[in-house]
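>>> This is the structure alone, sequence omitted:
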């Protein structure tokens with residue numbers, strides 16, 4: 001009898017250990033993109049810390065930064081956007097999110113409203129095979145993090161047609177058979193709850209600058225979207241869902257280089273909003289961004305464009321939404337921690353960035369003070385793209401119509417901007433570096449010095465006097481953080 005009990009206990013311990021090992025293996029090999037995006041959603045929803053949900057596609061992921069929104073307005077929000085997410089996917093994601101939180105506002109972007117694709121894996125409804133594979137793959141980002149329950153089964157049944165593809169979403173271990181090849185340190189940290197996670201509350205920031213965005217014909221009456229689509233059907237379902245739960249909803253159409261069909265879809269979204277008596281913000285018809293500096297690519301905003309769109313929504317929600325300002329509340333200290341972390345990231349990108357276009361774009365986002373000097377007869381004066389970036393900083397057209405030299409002193413500490421070109425001089429400029437004076441003496445020799453330190457000429461370095469551009473970045477105490485020199489190389493500027 002004793003031996004039998006011992007064997008039973010050993011068997012139980014073995015089964016428990018085996019179960020734990022299998023469970024740990026499943027957790028480790030599980031791909032983490034969805035968990036990475038939504039970990040803080042579950043954490044903050046549990047604390048009732050999410051006042052606004054932003055729903056939609058990658059246009060939302062790159063357009064709305066909840067960290068900016070908290071830093072400037074104290075509004076807590078989560079960016080639920082999914083890459084390639086059509087409105088039917090957005091509908092089900094909202095359903096699942098509302099199981100965990102009751103936001104005070106839901107903001108739904110209506111991009112891809114014109115899509116009439118019923119199932120995300122229906123090869124007959126896509127233009128090519130790659131689009132189908134991409135559609136299914138992208139859905140994992142917005143679905144994998146949610147627990148398997150009746151709601152998730154309903155969602156997958158509604159979104160996916162093929163039974164074998166459904167199993168990828170319902171029984172995830174099916175697709176993990178070769179994940180061991182790609183494991184990294186963060187995968188193992190999942191066991192201890194210390195794995196990496198998105199600290200922008202679901203957003204993703206991009207940093208490139210699209211210098212030549214495509215231009216498309218404006219929409220005409222013949223282009224208008226008059227028939228119902230799967231997109232319009234699910235947008236109406238989203239609105240009805242929010243209204244049934246007493247949650248205010250606002251529709252948006254965020255800015256990008258919109259094709260004619262996109263413009264038509266934006267108009268139809270406005271008609272749907274009007275029919276449901278809900279607010280609608282169509283940024284294609286507004287001057288919220290500059291498409292020549294605020295796009296990362298044709299369809300997505302960069303971090304500067306995101307700041308502008310987030311600021312606009314922050315103003316709108318502050319004035320319309322009756323939302324609390326949570327800044328200074330100790331229970332929201334994690335949000336401030338994420339603000340501080342992101343500002344450090346922006347600093348790192350700014351000072352490590354070699355691309356001059358991106359650097360100037362980021363300087364317009366940050367509160368740094370800087371001096372930009374361009375040598376006379378530099379190719380810069382023939383570069384419309386770079387001159388556009390400079391105009392964004394100076395807010396004037398002085399860089400146009402000159403062959404230089406040119407200087408811009410932008411001192412955010414005092415709120416003053418100074419410019420000069422050709423033989424113009426600048427005197428008694430009030431800056432964080434002191435009282436600066438500028439004199440262009442000759443082609444490759446110019447003076448920039450302060451009354452407090454007249455012996456230091458900030459614009460002369462014997463090793464770099466032939467360089468096209470000098471960029472001096474300094475802080476509020478007047479300390480120079482970076483002094484870079486650039487040579488033009490056929491429109492590319494080499495630091």
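Sure, I can see it. Keep in mind it's a predicted model, so treat the numbers as computed, not measured.
>>> any idea where the strands of the stretch 1-150 of the chain begin and end?
Under the criterion DSSP state E, counting those that start in this stretch, the stretch 1-150 of the chain contains strands at 52-55, 77-79, 105-109.
>>> and the last one, how far from the chain's centre?
What that stands for is strand 105-109. 16 Å (CA atoms, centre = their mean, to the nearest Å).
>>> Can you give the contact residues for that strand?
Outside strand 105-109, the residues that touch it by CB atoms under 8 Å, 6 or more residues apart in numbering are 51-57, 59-60, 63-64, 81, 90, 94, 235, 238-239, 242, 247-254, 313, 317, 321, 323. The C-beta positions use only the backbone N, C-alpha and C, and glycine is treated the same way.
>>> Mind listing what's buried along it?
105, 106, 107, 108, 109 (16 or more other CB atoms under 10 Å).
>>> can you list those residues in a markdown table and add distance to residue 366?
Listed next are the buried residues of strand 105-109 as a markdown table, based on distance: CB to CB, whole Å:
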| residue | distance to residue 366 |
| --- | --- |
| 105 | 29 |
| 106 | 31 |
| 107 | 26 |
| 108 | 31 |
| 109 | 27 |
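>>> Tell me the one of the residues you listed nearest residue 342?
Closest approach between the buried residues of strand 105-109 and residue 342, by CB to CB: residue 107, at 20.5 Å.
>>> Now do that closest one, the pLDDT please.
Note on residue 107: pLDDT of 98.
>>> Show me what it is bridged to.
Assessed by DSSP bridges, residue 107 has beta-bridge partners residue 54, residue 250.
>>> So which of the contacts of strand 105-109 belong to helices?
Counting by DSSP state H, the contacts of strand 105-109 place 59, 60, 63, 90, 94, 235, 238, 239, 242, 313, 317 in helices.
>>> ok, these vs residue 119, which is closest?
Looking across the ones in helices among the contacts of strand 105-109 and measuring by CB to CB, the closest to residue 119 is residue 90, at 15.4 Å.
>>> neighbours around that closest one, how many?
When neighbours are counted by other CB atoms under 10 Å, residue 90 registers 28.
>>> My read is that it contacts residue 237, right?
No - contact criterion CB atoms under 8 Å: residue 90 and residue 237 do not qualify, at 9.9 Å.
>>> and for these two, which residues touch both?
With CB under 8 Å, 6+ apart as the test, residue 90 and residue 237 reach no residue in common.
>>> Let's verify residue 328: helix, strand, or coil?
coil (DSSP: H, G, I helix; E, B strand; the rest coil).
>>> Next up, the contacts around residue 473.
Each residue near residue 473 by CB under 8 Å, 6+ apart is listed here: 350, 351, 363, 368, 369, 370, 480, 481, 482, 483.
>>> top of these by neighbour count?
Most surrounded of those: other CB under 10 Å gives residue 369, at 24 neighbours.
>>> hmm, back to that, among the contacts of strand 105-109, the buried ones, what's the PyMOL command?
Filtering these down to the buried ones (16+ other CB under 10 Å) takes a single PyMOL command:
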select buried, resi 51+52+53+54+55+56+57+59+60+63+64+81+90+94+235+238+239+242+247+248+249+250+251+252+253+254+313+317+321+323
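>>> Let's verify the nearest residue to residue 387 once chain neighbours are set aside: helix, strand, or coil?
Spatial nearest neighbour of residue 387, excluding adjacent residues (CB to CB, 6 or more residues apart in numbering): residue 399 at 5.0 Å. What three-state DSSP gives for residue 399 is coil.
>>> wait, residue 399 sits on residue 406?
Yes - Residue 399 is within contact range of residue 406, at 5.9 Å (criterion: CB under 8 Å).
>>> Who has more neighbours out of the two?
Neighbours per residue (other CB under 10 Å) separate residue 399 from residue 406, with residue 406 holding more: 26 against 23.
>>> what's the more buried one in contact with, if anything?
Residues near residue 406 by CB under 8 Å, 6+ apart: 373, 374, 380, 381, 398, 399, 419, 420, 421.
>>> pLDDT weak spots in the stretch 151-300 of the chain?
Counting by pLDDT under 70, the stretch 151-300 of the chain contains low-confidence ranges at 172-195.
>>> Which stretches in it count as strands?
Along the stretch 151-300 of the chain, counting by DSSP E, counting those that start in this stretch, strands occupy 249-253, 280-282.
>>> Now do the buried residues in the last one.
When you say that, I think you mean strand 280-282. For strand 280-282, burial by neighbour count (16+ other CB under 10 Å) applies to 280, 281, 282.
>>> Listing partners with orientation, what would you give for that strand?
Counting by DSSP bridges, strand 280-282 is paired with strand 249-253 (parallel).
>>> the inter-axis angle of the partner strand versus strand 105-109?
30 degrees (axes from the mean of the first three to the mean of the last three CA atoms, to 10 degrees).
>>> which residues are contacting strand 249-253?
By CB under 8 Å, 6+ apart, the list of residues contacting strand 249-253 reads 56, 105-111, 235, 238-239, 242-243, 265-266, 269-270, 272-273, 278-284, 313, 316, 320.
>>> which residue ranges form the helices in the stretch 101-250 of the chain?
In the stretch 101-250 of the chain, the helices defined using DSSP state H, counting those that start in this stretch lie at 129-143, 150-159, 163-170, 185-189, 230-244.
>>> relative to helix 129-143, how tilted is the second one?
Angle, helix 150-159 to helix 129-143, by the same axes, to 10 degrees: 170 degrees.
>>> What residues of helix 150-159 count as buried?
Quick answer for helix 150-159 (16+ other CB under 10 Å): 152, 155, 156, 158, 159.
>>> now swap in the last one and tell me
Residues of helix 230-244 classed as buried under the neighbour-count rule (16+ other CB under 10 Å) are 230, 231, 232, 234, 235, 236, 237, 238, 239, 241, 242.
>>> and the angle from that helix to strand 105-109?
Going by the same axes, to 10 degrees, helix 230-244 makes 170 degrees with strand 105-109.
>>> tell me what helix 230-244 is packed against?
helix 87-97, strand 105-109, strand 249-253, helix 260-276 (3 or more CB pairs under 8 Å, 6 or more residues apart in numbering; DSSP states H and E).
>>> Figure out which of these is closest to residue 309.
The nearest among those, by CB to CB, is strand 249-253 at 8.9 Å.
>>> what residues are up against residue 54?
60, 64, 66, 77, 78, 79, 80, 81, 107, 109, 202.
>>> Name the nearest of the residues you listed relative to residue 339.
residue 66 (9.8 Å).
>>> For the closest one, which non-adjacent residue is closest in space?
residue 201 (3.8 Å).
>>> Now do the one you found against residue 67, distance only.
Using CB to CB, to the nearest Å, residue 201 is found at 7 Å from residue 67.
>>> Find residues that contact each of these two.
Residues touching both residue 201 and residue 67 (CB under 8 Å, 6+ apart): residue 338.
>>> related to what we said a few turns ago, for the strands of the stretch 151-300 of the chain, could you give me CSV that also reports distance to residue 446?
Listed next are these as CSV, based on distance: least, CB to CB, whole Å:
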stretch, distance to residue 446
strand 249-253, 48
strand 280-282, 47
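>>> among these, which is nearest residue 297?
Across the strands of the stretch 151-300 of the chain, closest to residue 297 is strand 249-253 (CB to CB), at 17.9 Å.
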